[in-house]
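>>> the amino acid sequence is not available; the structure is as follows:
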């Protein structure tokens, strides 16, 4: 249980940075996400994604949440898409590195963090 709470808290700062998002669905999903209602957040993020698949921020938020839920394949898919849309956002690379770290795949995590730092 404490491990799950740490995972939720480790991304809380990320969600605060993103709170300028104007999409009402994303704002609602972020409120659920911040309060720990991850399943509800996932449903709404996915609805927002279905409306705008090319939104890097939505892809990023879906990656962060899927990482927290340990859905690493989905996390990789969404963060890869976010990076393909905006390859200059260091937070996206940090999220990818965190996914690698959670899977104990440390060499790609380090390489990805170096990429984030270089931006």
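The structure has been received and is ready for your questions. It should be emphasised that the depicted structure is a prediction, and the values quoted were computed from it without experimental measurement.
>>> do you know the pLDDT at residue 57?
At residue 57, the model reports a pLDDT of 96.
>>> within the helices and strands, which one has it?
Assigned by DSSP states H and E, residue 57 belongs to helix 56-68.
>>> now residue 31
helix 24-34.
>>> go ahead and confirm residue 64 touches residue 92.
No - using Cβ atoms under 8 Å, residue 64 makes no contact with residue 92, being 9.9 Å away. Where you see a C-beta, it was placed from the backbone N, CA and C, and this is true even at glycine.
>>> please enumerate residues in contact with the helix or strand where residue 91 lies?
Using DSSP H and E, residue 91 falls within helix 90-102. With contact meaning Cβ atoms under 8 Å, 6 or more residues apart in numbering, helix 90-102 is reached by 10, 14, 17, 56, 60, 63-64, 67, 70, 72, 75-76, 79-80, 82-83, 86, 106, 108-110, 112-113, 115-117, 119.
>>> go again with 7 Å.
Residues outside helix 90-102 that contact it (Cβ atoms under 7 Å, 6 or more residues apart in numbering) are 14, 60, 63-64, 67, 72, 75-76, 79, 82-83, 86, 108-109, 112-113, 115-116, 119.
>>> next: stretch 48-67.
Taking Cβ under 7 Å, 6+ apart as the rule, stretch 48-67 contacts 11, 14, 18, 21, 23, 25-26, 29, 33, 38, 41-42, 45, 74-75, 78-79, 81-82, 85-86, 89, 92, 95, 98-99, 102.
>>> fine by me, thanks again.
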